[in-house]
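**Student:** After the sequence you'll find the predicted model.
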There are 2 protein chains.
Amino acid sequence: MGDHPLSEQDTVALIELMFFAYRDFVSDPDGILGQYGFGRAHHRVLHFVGRDPGMTVQQLLDILQITKQSLGRVLKELIDKGYVFQKEGEADRRQRLLYLTEAGEELRQRLMGPQMNRIRRAVALPEGSAAHLYRKVLYHMVSPANREAVRDWIDRASLLGGPKDGG
Amino acid sequence: MGDHPLSEQDTVALIELMFFAYRDFVSDPDGILGQYGFGRAHHRVLHFVGRDPGMTVQQLLDILQITKQSLGRVLKELIDKGYVFQKEGEADRRQRLLYLTEAGEELRQRLMGPQMNRIRRAVALPEGSAAHLYRKVLYHMVSPANREAVRDWIDRASLLGGPKDGG
DNA sequence: TAAATATGTCAATATGGCTGACGTAATTTC
DNA sequence: GAAATTACGTCAGCCATATTGACATATTTA
């Protein structure tokens, strides 16, 4: 085990499952977002800001790996509609620290709910250590160059835990 | 084990890993596609047609879950540039059965290569049964309503195995 | 013959990315 | 203190990929 690689067929099956699983995984929040006139980009902003309240715009850009112009539009909409607000940084007054309003946190929870259920159902298998392995596998799917940033993010976000993430 | 659900923190970490992993997973082929003036939609068509040569347009639409108008453009481009060709169905002459040209199959393999390497590296963990569990978990991430179709597809595609998928 | 199916196409629209350029305020560096 | 850099915002245009709705054609089925 671990010596011989996965068979061609099994590997292709996993590639395809990655496609099918992700497609359905994001379909849950998509329906909810539609009711608000939002899209997936809004969801990502809500999620990450909710996980790390007070984060800077640059930190958010680093995580999403998109341009500030792309972020600009969705962020503006979320602010205009009262789901996100900004506060001038105290140490560095150039910064516009990002926070969720109450409505923003509620929406974030509403969007996360179905995905949490789906994850929990998916890893609740008889084999026991599925969650651990699944996490390990997904982690190794991230490009090596990005792993440190992803690990840092997960560790840090787990520590601060977001307002309603069980902290 | 299996009784108590995953902790809030662990579940959120998996949700985020799903995002990071998928983002990097599709980044491999994206670079290659750019050289051909293609996008992810072209990749999906190449992949699935290559896995099931002679499939109908409707079968492809069912798998991709997009509209025929969306498929129309990418399919036309792939045909115009000589990566896909169509053959009139023998039993039903309304059908336009889809096949990859040699160039199409080559490109498909080139796109699949990095993803296969990434999957194999990701599941090549000491714990042994990672691949099996990972597959099971991803399968259960698919919406119940879609599972039969996905299972059918994987089983059928594994059987016919595509021209160069190890058959 | 009529209805349904498989496919293709035209037109308009939306989302979410992108590049490039420019501007302002604040901080850091020399 | 002047200059360079950083953090952020914004305008303008472009591209890829998806959508809905409408219509056309060929073929098969009832």
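**Tutor:** Yep, it's here.
**Student:** Where does pLDDT dip in chain A?
**Tutor:** Within chain A, the stretches with pLDDT under 70 are A:1-4, A:125-131, A:141, A:143-144, A:153, A:158, A:161-167.
**Student:** Can you pull the residues of it lying near DNA strand C?
**Tutor:** Residues of chain A lying close to DNA strand C by Cβ under 7 Å from any atom of the strand are A:37-42, A:44, A:65-67, A:69-70, A:74, A:92-94. In this view, the C-beta of every residue, glycine as well, is placed from N, C-alpha and C.
**Student:** Which of the residues you listed are buried, as a ChimeraX select command?
**Tutor:** Selection of the buried residues among the residues of chain A next to DNA strand C in ChimeraX, burial being defined by 16 or more other Cβ atoms under 10 Å in any protein chain shown:
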select /A:38,41,42,44,74
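**Student:** What sits closest to whichever residue of chain A sits closest to DNA strand C if chain neighbours are left out?
**Tutor:** Nearest residue of chain A to DNA strand C (Cβ to the nearest atom of the strand) works out as residue A:39 at 1.5 Å. Leaving out its chain neighbours, the residue that sits closest to residue A:39 by Cβ to Cβ, 6 or more residues apart in numbering or on different chains is residue A:33, at 6.0 Å.
**Student:** re the thing from before, just confirm the residue of chain A closest to DNA strand C contacts residue A:29, I think it does.
**Tutor:** No. Using Cβ atoms under 8 Å as the test, residue A:39 is too far from residue A:29 to be in contact (9.9 Å).
**Student:** Extract the C-alpha set from stretch A:138-149 and format it as PDB.
**Tutor:** The C-alpha trace of stretch A:138-149 is given here as PDB (Å, rounded to 0.1, in the frame of the first residue of the first chain):
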ATOM      1  CA  LEU A 138      -8.000  17.400   0.100                       C
ATOM      2  CA  TYR A 139      -5.000  19.100   1.700                       C
ATOM      3  CA  HIS A 140      -2.700  17.300  -0.600                       C
ATOM      4  CA  MET A 141      -4.800  18.300  -3.600                       C
ATOM      5  CA  VAL A 142      -3.800  21.900  -2.900                       C
ATOM      6  CA  SER A 143      -0.700  23.000  -4.900                       C
ATOM      7  CA  PRO A 144       2.500  22.700  -2.800                       C
ATOM      8  CA  ALA A 145       3.100  26.400  -3.300                       C
ATOM      9  CA  ASN A 146      -0.200  27.200  -1.700                       C
ATOM     10  CA  ARG A 147      -0.100  24.600   1.100                       C
ATOM     11  CA  GLU A 148       1.600  26.800   3.700                       C
ATOM     12  CA  ALA A 149      -0.900  29.600   3.100                       C
END
